[in-house]
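the sequence isn't on hand, but the structure is:
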């Protein structure tokens with residue numbers, strides 16, 4: 001089943017990238033810039049847009065990424081009786097935003113490696129990377145604008161408001177995460193961490209699923225239930241990402257595409273850190289906080305922090321918590337979905353995201 005889902009994601013990735021090219025082609029033309037920006041008063045610079053937007057963004061997109069949020073949109077839409085092909089352009093919305101958040105997040109965290117290559121700002125400069133990331137937050141609105149007359153006004157408004165609300169949630173979640181990894185919080189409860197993830201990582205999965213449900217004609221209650229399921233997938237995906245950050249080394253690390261112990265360097269208060277701090281001896285607690293707060297580049301100090309996490313069983317706890325979140329959410333949403341291939345794939349897809357090793 002795992003290999004089937006991997007193959008399915010790879011197949012859908014090609015589809016998603018073709019859709020993205022409709023809204024961000026690989027070569028700037030005057031025709032495209034007039035579609036994107038409106039008719040020029042004077043003259044657009046094709047070279048500037050090519051070098052400062054298209055090339056850095058496609059450099060980043062071509063590195064990989066699972067494109068699982070668009071797939072989530074398409075599967076939810078189909079599993080609720082919709083026609084995915086008729087609304088497929090909308091699947092790129094959470095994917096574009098997601099990549100924008102990563103580009104900017106790497107600058108905020110002083111990241112070094114992303115998807116196996118230097119972070120975008122290290123190649124193109126912080127100014128271009130920030131601007132490109134910000135543009136990816138708003139470029140998806142062209143999808144709404146292009147298809148504004150295809151839906152009933154109430155459907156269109158509900159979908160648009162979903163985008164707006166989730167963008168607000170995204171900023172709030174990132175703000176919380178930044179504040180915590182600056183070492184300013186004296187104590188963080190697990191419930192606070194999960195809520196941060198609901199806003200930061202869960203919101204784009206939730207956006208994808210809710211848009212898929214809205215365009216399938218689902219009622220408000222179903223839209224919210226599907227959103228909670230997807231939100232749980234997003235949170236569990238983040239927990240598994242944090243686990244892989246400290247669990248993978250050597251050749252296994254290559255597919256993950258990030259520097260070993262990067263979350264330790266960034267001082268992130270992951271679920272594993274929170275769990276450990278609630279159980280550790282005073283000495284271990286003090287040392288773990290010390291390493292996190294110094295944002296160390298020292299590999300041995302990162303390993304020392306990870307050994308403290310392992311000592312208190314935090315990795316096993318995080319894995320177990322991720323499984324619980326998804327299984328509980330699946331029980332709630334399962335009766336609402338039509339029997340068929342989309343439903344089966346959606347369930348397998350959710351399990352894959354929290355069991356993956358890259």
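Here it is on my side, so go on. These numbers come from a predicted model, not from an experiment. Residues are numbered from 1 along each chain as shown.

give the contact list for the residue nearest to residue 126 when sequence neighbours are not counted.
Nearest residue to residue 126 in three dimensions, chain neighbours excluded: residue 107, at 5.8 Å (CB to CB, 6 or more residues apart in numbering). Heads up, the C-betas are built off the backbone N, CA and C, glycines and all. Counting by CB atoms under 8 Å, 6 or more residues apart in numbering, residue 107 makes contact with 119, 121, 126, 129-130, 133.

adding neighbour count and pLDDT, write the residues you listed out as TSV.
As requested, those are arranged in TSV below (neighbours: other CB atoms under 10 Å; pLDDT from 0 to 100):
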residue	neighbour count	pLDDT
119	23	95
121	22	97
126	14	96
129	23	97
130	16	97
133	24	97
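
widest-spaced pair of the residues you listed?
Farthest pair in those (CB to CB) is 119 and 130. Separation: 12.1 Å.

and the gap between the residue nearest to residue 126 and residue 101?
Per CB to CB, to the nearest Å, residue 107 is found 11 Å from residue 101.

so what sits against both of the two?
Shared contacts of residue 107 and residue 101 (CB under 8 Å, 6+ apart): residue 133.

coming back round to it: joint contacts of residue 119 and residue 130?
Taking CB under 8 Å, 6+ apart as the criterion, residue 119 and residue 130 both touch 103, 107.

and the helix or strand harbouring residue 145, what other elements does it pack with?
Residue 145 belongs to helix 141-146 when assigned by DSSP states H and E. Using 3 or more CB pairs under 8 Å, 6 or more residues apart in numbering; DSSP states H and E, the elements in contact with helix 141-146 are helix 153-181.

secondary structure class for residue 339?
coil (DSSP: H, G, I helix; E, B strand; the rest coil).

low-confidence regions, the protein specifically.
Across the chain, the ranges flagged by pLDDT under 70 are 1, 248-259, 356-358.

in terms of helices and strands, where is the residue nearest to residue 126?
Assessed by DSSP H and E, residue 107 sits inside helix 92-108.

okay, the angle between that helix and helix 153-181?
Here the directions of helix 92-108 and helix 153-181 differ by 20 degrees (axes from the mean of the first three to the mean of the last three CA atoms, to 10 degrees).

give the buried residues for helix 92-108.
Buried residues in helix 92-108, counted by 16 or more other CB atoms under 10 Å: 92-107.

helix or strand right after that helix?
From helix 92-108 onward toward the C-terminus, using DSSP H and E, the following helix or strand is strand 113-114.

the next helix or strand after that following strand: how far from the chain's middle?
Remark: after strand 113-114, the chain's next helix or strand is strand 117-118, criterion DSSP H and E. Relative to the centre of its chain, strand 117-118 is centred 19 Å away, using CA atoms, centre = their mean, to the nearest Å.

swap in stretch 95-105?
A distance of 8 Å separates the centroid of the chain from that of stretch 95-105, by CA atoms, centre = their mean.

same thing with stretch 305-325?
The chain centroid and the centroid of stretch 305-325 are separated by 21 Å under CA atoms, centre = their mean.

residues in contact with it?
So stretch 305-325 is contacted by 232, 235-236, 239-240, 242-243, 246-247, 261, 264, 270-273, 275-276, 279-280, 284, 287-288, 291-292, 354 (CB under 8 Å, 6+ apart).

tell me who's in contact with residue 238.
197, 200-202.

which helix or which strand is home to it?
Residue 238 belongs to helix 220-247 when assigned by DSSP H and E.

what residues of that helix count as buried?
Buried residues in helix 220-247, counted by 16+ other CB under 10 Å: 222-223, 225-247.

what's the angle between that helix and helix 153-181?
Using the same axes, to 10 degrees, helix 220-247 lies at 30 degrees relative to helix 153-181.

list the buried residues in the helix or strand containing residue 123.
Using DSSP H and E, the element containing residue 123 is helix 120-124. Residues of helix 120-124 classed as buried: 120-122, 124 (neighbour count, 16+ other CB under 10 Å).

report the two of the residues you listed separated the most.
Greatest spatial distance among the buried residues of helix 120-124 (CB to CB): 122 and 124, at 8.2 Å.

which of the three states applies to the residue of the chain most remote from its centre?
Largest separation from the mean C-alpha position in the chain: residue 42, at 38.2 Å (CA atoms, centre = their mean). Classification of residue 42 using three-state DSSP returns coil.
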